[in-house]
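>>> Got a sequence here, can you model it:
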Amino acid sequence: MVDDWLSSALADYNQVSFDKRDSYSALIQMPGKLLVELLSWCFQSLPDEILVGMDVDPQRQVIPEVSELFLGAESRADMFAGQGYTIGEAKVVNRGNSMTVHHLPEEWTDEIFGADRGPRGGRFTHWLHTHPNCPAIPSSADAAAAQWTEGVDMILGVEFSPEWGAPWVEGVEGERRMVAGTKRSEPEQGGSWFRRRMARGNRPVLGKAVTGHSIHGIELIAFHRTGVGINVIFVDDDDLPYGWPFTTE
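Residues are numbered from 1 along each chain as shown. Coordinates of the predicted model:
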């Protein structure tokens, strides 16, 4: 179930996706219910990262009216595997730190998922991994791992406190897309350690994770192995974007 506050946040996210549609080469649809599941897995694992494998639902194609509205001037067809379908299945594949959580060799995971995924085993179309206390912006390791992805890679960034053991990563450049919360205003460099930590600790709290951490911000992006961004659209059970209908000015 998608709570009212999150439905409103997803509608706002979709509005930005619509407004910035010309900046993306393709789109991908994610059910709001799936995001709820991903957030649950993420919160249960803090402060660790998780890697999630995802596949599309062949019964859920992007509605032509949605595709026409959200595809921009630079859109490309047949850019990646699963394009034109909504994400369906998702499974946690790995958990650990940033050095160990990236894609695993298929032969390591085939037997794990073989019973319920058949011959596909550990081979997923799309991948998502979390960035605990780090913006959802690809690192060089993320870009390298994406070269093996047939679909797209996604990053779910979560800001939380207390941050001991996983301090907020500052100075990461790139396009950030907030799902909920606000972008933090970084304290001026050169101030005392205490003042910088107090500035970070005064952010609104979205909720509490089962680990006891306070959640301050959630962001999500998708990108193709070529480095271009993919426009994420959050949809309901009827494959209609939250906040639908959107109209052009």
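
>>> Scan the chain for its longest helix.
What stands out as the longest helix in the chain, according to DSSP state H, is helix 4-19.

>>> After it, which helix or strand is next? Please name it.
Once the chain leaves helix 4-19, the next helix or strand it forms, by DSSP states H and E, is strand 27-31.

>>> Enumerate every residue touching residue 213.
For residue 213, the contacting residues are 43, 46-47, 160-162, by C-beta atoms under 8 Å, 6 or more residues apart in numbering. To be clear about C-beta, it is placed using only N, CA and C from the backbone, and glycine gets the same treatment.

>>> Dihedrals phi and psi, residue 61?
Backbone geometry at residue 61, expressed as degrees, to the nearest 10, gives phi -80, psi 150.

>>> Residue 75 is in contact with residue 26, correct?
Yes - counting by C-beta atoms under 8 Å, residue 75 is a contact partner of residue 26 at 6.1 Å.

>>> give me the beta-bridge partners of residue 233?
residue 29 (DSSP bridges).

>>> That one: neighbouring residues, count only.
26 (other C-beta atoms under 10 Å).

>>> what's the spacing between it and residue 204?
26 Å (C-beta to C-beta, to the nearest Å).

>>> re earlier: mind checking which of residue 26 and residue 75 has more residues around it?
Between residue 26 and residue 75, residue 26 has the larger neighbour count (other C-beta under 10 Å), namely 24 against 16.

>>> Please report phi then psi for that one.
According to degrees, to the nearest 10, residue 26 has phi -170, psi 170.

>>> all strands for this structure, in order.
Taking DSSP state E as the criterion, the chain contains strands spanning 27-31, 49-61, 85-96, 126-132, 153-161, 178-180, 207-208, 214-223, 229-235.
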